[in-house]
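A.B. asks: got a predicted structure here, sequence first:
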Amino acid sequence: MLRLHDTATGTVRPFELRDPGRVSMYVCGPTVYEVPHLGHGRFTLVFDVLRRYLTFTGLQVRHVSNVTDIDDRIIQRAAREGRTEPEVAAEYEEKWWEAMDALEVLRPTVVPHATGYIPGMVALVADLVARGSAYETEDGVYLQVDTVDGYGLLARQPLESLRAGARVEASELKRSPLDFALWKKAKPGEPTWSSPWGEGRPGWHTECVVMSLHLLGDGFDLHGGGQDLIFPHHENERAQAVAEGRPFARHWMHNGWVTVEGEKMSKSLQNFTTIADLLAGGDPRAYRLLVLRSHYRRPIEVTPETIATAERGLARLDALARRLSLVDPLAAGVVVRDQAIAAAPDGVEEDSVTRFCEHMDDDLDTSAATAVVFDLVNRAHAAADDGDGSTARRLGGTVALLCGAVGLRLRGELEAPDERTQRLVDDRDAARRERDFARADALRDELVAAGWTVEDGPDGTVVHR
RNA sequence: GGCGGCGUGGCCGAGUGGUUUAGGCAGGGGCCUGCAAAGCCCCGUACAGCGGUUCGAUUCCGCUCGCCGCCUCCA
C-alpha cells in the first residue's frame, strides 16, 4: 500500500483511492509563454515516476495535466512580439512537448487547454456569485476568501496570519487583500470571452478547478504540482470547490524545487537552465536518475557536476546491460510488475522487487529504491565474474524490471560503429594479435579521441559511446 | 512579523533508539589486462552545537546557531 505525504495534513498517510484499482490524478501543467526549464523538468519527472510506479503495481491511472494557454504573460509576449496569443501559446506548447518527449515523460491521459473550458468557468463563477461567495468589482469578479471554511489549509496558516503577511497591495476594489480574481474584465486589446460581467477572461485558479473536476469528477485522488503552487494556486482552487460544496482532491502532493548553488531556480533570479540546454549537453536519462536519487520533496541541485555524476551511474547500468544483453525494459512500453515478472526470460529476484516496492511505497523513497537497483547491479556483475550466468541474468533481469518501473531506459545495445571506426577497430585487433602494442595503443588513442570508449574483451575489441 | 523545511563521512544522498552495512560519485590498496577500459574484492568508524529523557541517541524532546523557502507571478 502506497503511503504519500499529503500537504493538506502535513503527514505521510495511505493513498486511498476513490475507486479501487483506478487512480485519478491532476497535475498542474505549464503556462505556455516560455521554454521549459529544469524546474518544469523536475516536476514532470517526479509525477511521471509516480504514475509509472502506480501503473507498475497494477493500477489504472488517469493522469490529467492542463496547458494554460491564456494568461497575462502570454498576452504580454504576444503584444511585445506583434503576434497573436494563440500563436505564442502554440509555439511554446510545442517546445514543451519536445522537452517532455526527450525526457521520456509520458503524455498525460488528457491534456485540457484552458481556452477549451471557458463556458464551464463562467458557470462556476456565476454560481459562486449566486451563492454569495464571490462579488463583482469594476475590474472583475473575486472570491471572498473569508466565506470559505478552512481557507489556509494547504498553506497551513490561519486566515488571519495569511492576511497579516500579505504583501500584495490592498486593492480598494477588493474586500480583502487575499480575495482572488475568478474573472478578469477585459482591458483593451486583450482576447476576451463573453460573460454575465461583460467581456473578459478567467483567472488562473478557476481554470484548474473546473478542468480537474470536469475530467476527474468530485473527490478525485491526487492533485499535485511544485511546492510553489501550494499557495495561493492550490489553496484557491480548493477554496472554489469548497465554496461550491464539492469534494475536491483527496490527496495533495508537492515536489521540492531545483536549486542552483542553494537558491531556487527561477526566472526572476536569472539562474535557470532550459531543458533544451540540458539535453544538448548530455543524456536525458541522467536527469531522471538525478531526480530518482533524491527524495521528491527535497530540493535538488542540478549543475553540470551533479548531472555528470548521474551519467556515471547510468554508465554503470549500461555496462551491465551490455554485458548481459539486457533488453531495454521500456522497449515494449510501460512496465507492469506482474506481467513483466511472468514474461521475464530468466526470472527475477522477487525479494529485491519487494524491497524496491517497500521503499517506493514509503512516500516514494526513490533514493532507497534506486539503491536496491544498484545493489543488484553489483551482485549481477559478481555472479557473472563467478561464471554463474543464470544468476547474473536473473539479477540483471530484475535490474531491467525495476528500471522500467520508474521509466529509466537501459542502453544495452551498442551504437554501431561507422565504417571508418570499424576499420580502426579491426586494425587494432590485428595489431594486438601481432603483439604490436605501440600500434594498438595509437589506434586506441585515435578511437578515444573520436569519442569512443574502447574495451578489449575476450572476443576482441568492442567500442561504444 | 507569521508559517514551514533542512543541517549525515571528500561530494551527493537514504536511514535507524543499542550488537552489521544504505547506495552512488570521488579517493587508496589488490585482482583481472600486454597496457588500459569495464568488472570484482578490500578500505572511510559521519550524523551542526548545547542541554534533557534514557541503561544507551545521529535517531525522541527543548534550546541555540546556520542555510533555504512560502506568505506576490512562479513547477
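C.D. replies: Done, it's in.
A.B. asks: what's around the residue in the stretch 201-350 of chain A that RNA strand B sits nearest to, how many residues?
C.D. replies: Ranking the residues of the stretch 201-350 of chain A by distance to RNA strand B (CB to the nearest atom of the strand) places A:G226 first, at 2.3 Å. Where you see a C-beta, it was placed from the backbone N, CA and C, and this is true even at glycine. A:G226 sits with 20 neighbouring residues when counted by other CB atoms under 10 Å.
A.B. asks: again with A:T306
C.D. replies: Residues lying near A:T306 (other CB under 10 Å) number 16.
A.B. asks: I'd say A:V353 and A:A344 touch.
C.D. replies: No. Counting by CB atoms under 8 Å, A:A344 is not a contact partner of A:V353; they are 10.3 Å apart.
A.B. asks: higher neighbour count, those two?
C.D. replies: Set side by side, A:V353 and A:A344 show more neighbours around A:V353, with 20 against 16, by other CB under 10 Å.
A.B. asks: confirm that the more buried one sits in a helix.
C.D. replies: Yes. Note on A:V353: a helix contains this position according to DSSP: H, G, I helix; E, B strand; the rest coil.
A.B. asks: skipping its backbone neighbours, what lies nearest A:R393 in space?
C.D. replies: Of all residues not flanking A:R393 in the chain, A:D346 sits nearest, at 3.9 Å (CB to CB, 6 or more residues apart in numbering).
A.B. asks: ramachandran angles for the one you found?
C.D. replies: Phi and psi for A:D346, reported as degrees, to the nearest 10, are phi -110, psi 20.
A.B. asks: wait, it touches A:G397, no?
C.D. replies: Yes. Counting by CB under 8 Å, A:D346 touches A:G397, with 4.9 Å between them.
A.B. asks: from A:P191, how far out is A:M265?
C.D. replies: 30 Å (CB to CB, to the nearest Å).
A.B. asks: for the residue nearest to A:R393, what are its contacts?
C.D. replies: A:390, A:393-394, A:396-397 (CB atoms under 8 Å, 6 or more residues apart in numbering).
A.B. asks: go again using 6 Å as the cut-off
C.D. replies: A:393-394, A:397 (CB atoms under 6 Å, 6 or more residues apart in numbering).
A.B. asks: so how far is A:W257 from the residue of the stretch 201-350 of chain A closest to RNA strand B?
C.D. replies: A:G226 sits at a distance of 6 Å from A:W257 (criterion: CB to CB).
A.B. asks: still on that earlier bit, hang on, the residue of the stretch 201-350 of chain A closest to RNA strand B packs against A:T44?
C.D. replies: No. If you go by CB atoms under 6 Å, A:G226 and A:T44 don't touch, sitting 10.1 Å apart.
A.B. asks: just the element for the closest residue to RNA strand B within the stretch 1-150 of chain A, please.
C.D. replies: For the stretch 1-150 of chain A, the residue positioned closest to RNA strand B under CB to the nearest atom of the strand is A:G39, at a distance of 2.5 Å. Using DSSP states H and E, A:G39 sits in helix A:38-56.
A.B. asks: again with A:D426
C.D. replies: A:D426 is located in helix A:419-433, with elements delineated by DSSP H and E.
A.B. asks: not counting its neighbours along the chain, what's nearest A:T147?
C.D. replies: Across the structure, with CB to CB, 6+ apart as the measure, the residue nearest A:T147 apart from its sequence neighbours is A:S133 (4.8 Å).
A.B. asks: what about A:Q76, distance to A:T31?
C.D. replies: Distance from A:Q76 to A:T31, counting by CB to CB: 12 Å.
A.B. asks: give me the more crowded residue out of the two.
C.D. replies: Legend: neighbour count by other CB under 10 Å for A:Q76 and A:T31, higher for A:T31 (21 against 13).
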